[in-house]
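Colleague: just coords:
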């Protein structure tokens, strides 16, 4: 089955800096890669996703890149703000009915002002 | 749109009792629902996949007789933790997806279970 590795487990940056979180996946059939932000005690919130027919996607300060050959994808947050502090999870799945998301172990991002 | 609710949001029970958690898709029909468990400072671990009208598919290591899943309608799935023990204390989160929403999964707010 699918295995998703995520690094780093913790990341501390100064406000205004950029943050990058990287994930690798094992199943070459996976073709959907979302990123979730989770605040303590709350549900994961989808912040951006990418499908395998696209190499990069951007939404304001957040961008995701995908390298299918190397089977890795990354989350880039620019101009970080204290409210970006949370746990971020990458995930992978096969885009067909009934396929679950397999999550990475998460990255705790701390943005200090 | 695409709202998923869970009930209860938290529950405390005695060891040996059973607890039922409901997951509802409020504004769409969920062909598939998933149940995850999340221990403190850990990731979401998939427990089972549930398709409406059929038996749930459990992940390796998840006891199907202990975690009973029912997906009787396109808007409701239930997870029953039978004979709960302190080690079952965790944050249980469901998610739902519908074909028309493509691959996107929408998560419920989670249920925090504490077994004394």
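Modeller: Thanks, I have it. Computed from a prediction, not measured in an experiment: that's the story for all the values here.
Colleague: around chain A, which positions in chain B sit nearby?
Modeller: Residues of chain B that fall close to chain A, judged by Cβ under 8 Å from any Cβ of the partner chain: B:31-32, B:34, B:42-46, B:49, B:51, B:91, B:93, B:95, B:97, B:99, B:102-105, B:107-110, B:112. Where C-beta positions appear, they are placed from N, C-alpha and C, glycine not excepted.
Colleague: which among these end up buried?
Modeller: B:31-32, B:34, B:43-46, B:49, B:51, B:91, B:93, B:95, B:97, B:103, B:105, B:107-108, B:110, B:112 (16 or more other Cβ atoms under 10 Å in any protein chain shown).
Colleague: neighbouring contacts of stretch A:65-83?
Modeller: The contact list for stretch A:65-83 (Cβ atoms under 8 Å, 6 or more residues apart in numbering or on different chains) reads A:13-26, A:28, A:33, A:35, A:48, A:50, A:52, A:54-56, A:61-64, A:84, A:88, A:90, A:109, A:111-113.
Colleague: just the ones of those in helices?
Modeller: Using DSSP state H, no member of the contacts of stretch A:65-83 falls within helices.
Colleague: only the buried subset of the residues you listed, as a ChimeraX command please.
Modeller: Buried residues within the contacts of stretch A:65-83, by 16+ other Cβ under 10 Å, are selected in ChimeraX with:
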select /A:13,19,20,21,22,23,24,25,33,35,48,50,52,62,63,64,84,88,90,109,111
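Colleague: of the buried ones among the residues of chain B next to chain A, which belong to strands?
Modeller: The strands, defined by DSSP state E, take in B:32, B:34, B:45-46, B:49, B:51, B:91, B:93, B:95, B:97, B:107, B:112 from these.
Colleague: spatially nearest residue to the spatially most distant residue from the centre of chain A (excluding sequence neighbours)?
Modeller: Farthest-out residue of chain A from its mean C-alpha position, per Cα atoms, centre = their mean: residue A:113, at 23.0 Å. Closest residue to residue A:113 in three dimensions, ignoring its sequence neighbours and counting by Cβ to Cβ, 6 or more residues apart in numbering or on different chains: residue A:15, at 4.6 Å.
Colleague: out of everything not next to it in sequence, what's closest to the residue of chain B most remote from its centre?
Modeller: Centroid-distance maximum for chain B: residue B:100 at 21.6 Å, with Cα atoms, centre = their mean. Closest residue to residue B:100 apart from its sequence neighbours, by Cβ to Cβ, 6+ apart: residue B:28 at 7.4 Å.
Colleague: same question for residue A:109.
Modeller: Residue A:109 sits nearest to residue A:11 (Cβ to Cβ, 6+ apart), 5.0 Å away.
Colleague: next one: residue B:103
Modeller: Residue B:103 sits nearest to residue A:32 (Cβ to Cβ, 6+ apart), 4.3 Å away.
Colleague: cool, and residue A:63?
Modeller: Once flanking residues are discounted, residue A:63 sits nearest to residue A:76: 4.5 Å by Cβ to Cβ, 6+ apart.
Colleague: okay, now the closest residue to residue A:24 other than its chain neighbours: neighbour count?
Modeller: Nearest non-adjacent residue to residue A:24, counting by Cβ to Cβ, 6+ apart: residue A:72, 4.4 Å away. Using other Cβ atoms under 10 Å in any protein chain shown, the number of residues around residue A:72 comes to 16.
Colleague: quick check: pLDDT value at residue A:72.
Modeller: With respect to pLDDT, residue A:72 scores 95.
Colleague: same deal with residue A:62?
Modeller: For residue A:62, the predicted pLDDT is 98.
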